[in-house]
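>>> Fold the following.
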Amino acid sequence: MNKVLTKKDITKELEISRHQKTVFISGTPLGTLYTEFTQTWDMSCEPFAASIFYNLGRVHGIQEERAKRKK
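Below is the predicted model:
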């Protein structure tokens, strides 16, 4: 479900992300995935920034699943 995020929502999401681990560290399975992805698609993004987006998406998915179960 697509919803328009407000500044309050974004602030809340960023606050949640402050407590998440950095996941794309070299030598880890997700670090290897990140390296392969950037090489395959000839794209670059700082691993830390990619980690923030990954965690925000993960948290958002968890929140959506909880909302579905509440219905």
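
>>> Okay, now the unreliable bits of the protein?
For the chain, applying pLDDT under 70 flags the ranges 1-5.

>>> can you give me the helices in it?
In the chain, helices defined by DSSP state H lie at 7-17, 29-40, 47-70, listed in chain order.

>>> can you put the ones you listed in CSV and add mean neighbour count and distance to Val23?
Glycine gets a C-beta too; all of them are placed from N, C-alpha and C. Converted to CSV, those look like this (neighbours: other CB atoms under 10 Å; distance: least, CB to CB, whole Å):
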stretch, mean neighbour count, distance to Val23
helix 7-17, 11, 11
helix 29-40, 13, 5
helix 47-70, 13, 5
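
>>> tell me, what residue is most central in this protein?
Tyr54 (2.0 Å; CA atoms, centre = their mean).

>>> In contact with the residue lying closest to it once chain neighbours are set aside: list those residues for me.
The shortest distance from Tyr54 to any residue that is not its chain neighbour, by CB to CB, 6 or more residues apart in numbering, is 5.7 Å, and that residue is Val23. The contact partners of Val23, by CB atoms under 8 Å, 6 or more residues apart in numbering, come to 30, 51, 54-55.

>>> Val23 and Pro47: what is the separation?
Using CB to CB, to the nearest Å, one obtains 9 Å as the distance from Val23 to Pro47.

>>> same deal with Glu13?
Counting by CB to CB, the separation of Glu13 from Pro47 is 20 Å.

>>> Next: Thr32.
Counting by CB to CB, the gap from Thr32 to Pro47 is 12 Å.

>>> got it, and Tyr54?
Shown here: Tyr54 relative to Pro47, a distance of 10 Å by CB to CB.

>>> any shared contact partners between those two?
Common neighbours of Tyr54 and Pro47 (CB under 8 Å, 6+ apart) are Phe24.
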